[in-house]
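return atomic coordinates for the entry below.
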Amino acid sequence: MNPPPAQTYIVRIWWEKSPEREGGVWRASLTEVHSKERHYFKSPEELLRYLSQRPDEPRSQT
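Numbers count the residues shown, from 1 in each chain. Here you go, the predicted model:
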């Protein structure tokens with residue numbers, strides 16, 4: 001039996017203009033490929049914190 005596939009993400013990162021901050025702000029979205037669930041982030045730290053808290057997919061060893 002093959003182990004289940006690892007969680008796959010599509011991450012989109014962009015810079016957008018902001019009236020509050022000169023130059024712009026960092027934005028990102030993350031879509032979980034299998035569930036199509038989407039999350040939005042306002043900083044690189046927020047994105048990394050989310051990814052570090054995701055549990056690893058259990059893998060069966062045969």
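
so what's the backbone phi/psi at residue 45?
phi -60, psi -40 (degrees, to the nearest 10).

residue 8 versus that one, what's the distance?
Using CB to CB, to the nearest Å, residue 45 is found at 23 Å from residue 8. Backbone N, C-alpha and C define where each C-beta goes, glycine included.

contacting residues around residue 50?
By CB atoms under 8 Å, 6 or more residues apart in numbering, the contact list for residue 50 reads 30, 39, 41.

which of the residues you listed sits closest to residue 53?
residue 39 (11.6 Å; CB to CB).

am I right that the closest one falls within a helix?
No: counting by DSSP: H, G, I helix; E, B strand; the rest coil, residue 39 is not part of a helix but strand.

and stretch 10-18, average pLDDT?
Per-residue pLDDT values over stretch 10-18 give a mean of 88.

sorry, that was for stretch 27-46
pLDDT averaged over stretch 27-46 gives 90.

do a quick rundown of the strands in the protein.
Per DSSP state E, the chain carries strands over the ranges 9-16, 25-32, 38-41.

how about CSV for those, with distance to residue 52 and mean neighbour count added?
What follows is the strands of the chain, written out as CSV (distance: least, CB to CB, whole Å; neighbours: other CB atoms under 10 Å):
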stretch, distance to residue 52, mean neighbour count
strand 9-16, 13, 11
strand 25-32, 13, 15
strand 38-41, 13, 14
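
just put those strands in TSV and tack on distance to residue 50.
Supplementary listing: these in TSV, determined by distance: least, CB to CB, whole Å:
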stretch	distance to residue 50
strand 9-16	10
strand 25-32	7
strand 38-41	6
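
spatially central residue for this structure, please.
residue 30 (3.6 Å; CA atoms, centre = their mean).

what's the separation between that one and residue 38?
Residue 30 is 7 Å from residue 38, by CB to CB.

do residue 45 as well
Taking CB to CB, one finds residue 45 at 19 Å from residue 38.

now swap in residue 47 and tell me
Using CB to CB, one obtains 13 Å as the distance from residue 47 to residue 38.

common neighbours of these two, please.
Taking CB under 8 Å, 6+ apart as the contact rule, residue 47 and residue 38 both touch residue 30.
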